[in-house]
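*Asks:* I would like the atomic coordinates for the input below:
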Amino acid sequence: MASKIFDDDDTVIAEINVVPFVDIVLVLLIVFMLTSSMIARASISVELPRAATAGTSVPSSLNIVVDAEHQLFLNGKPTDHEALAAHVARASWKQEGLQAVIAADQRVDYGDVIRVIDIVRANGVKTFALNIEREF
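*Replies:* Okay, the predicted model is just below:
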C-alpha cells in the first residue's frame, strides 16, 4: 500500500500499514507448522528401554517409532513397512548423510526392531541410532 504525500502539514495520515502485520503472521505460521510435527511425535507413548550408558540425543531427519501395539510411525505419522521403505529411499536420495533415530517400546520383539533397521539401511540410510532412556 503506497502512502499519500500531502503538501499541507496539518493533514493527519490515517492509514494503517498492514505489511508488518502480515509478515509477523506468516512467520508465526511457519513456526507453528514446524513445531506441529514435534508435538505429534511427542504424543506417541513409548516406554523406552533403559541403559546406564545412554548418550546424548542425535540430530536426525527421520524419526521412526514402534509402539507397544507394533504400530509403526514415521515422523509422528502412522505408516507401514512398505511406505516406510519408499519414504526412506526418497529421502536418502534427496539428502546425503541422512540419519534415522529408531525408538521402540521395550515390549516390542527384537525381530521387529531388526526389520525396521534393515528397511532403513537397505534404502540408503547408513547412520542410525536406537533411542533409549538413561538409567539413573
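
*Asks:* Longest helix of the chain, counting residues only.
*Replies:* Taking DSSP state H as the assignment, the helix of the chain that covers the most residues is helix 19-42.

*Asks:* who touches that helix?
*Replies:* The contact list for helix 19-42, computed with C-beta atoms under 8 Å, 6 or more residues apart in numbering, reads M1, N63, V65, F73, N75, G76, K77. For glycine as for every other residue, the C-beta is placed from the backbone atoms N, C-alpha and C.

*Asks:* Next one: the second one from L26, what distance?
*Replies:* Here N63 is placed at a distance of 27 Å from L26 (C-beta to C-beta, to the nearest Å).

*Asks:* Who has more neighbours out of these two?
*Replies:* Counting neighbours by other C-beta atoms under 10 Å for N63 and for L26 shows that N63 has the greater number, 18 against 10.

*Asks:* any idea whether the nearest residue to L130 once chain neighbours are set aside is helix, strand or coil?
*Replies:* The spatial neighbour of L130 that comes closest, neighbours along the chain excluded (C-beta to C-beta, 6 or more residues apart in numbering), is I102 at 5.5 Å. Three-state secondary structure (criterion: DSSP: H, G, I helix; E, B strand; the rest coil) places I102 in strand.

*Asks:* Tell me who's in contact with I102.
*Replies:* Listed by C-beta under 8 Å, 6+ apart, the contact partners of I102 are I64, V65, V66, V113, V116, I117, V120, F128, A129, L130, N131.
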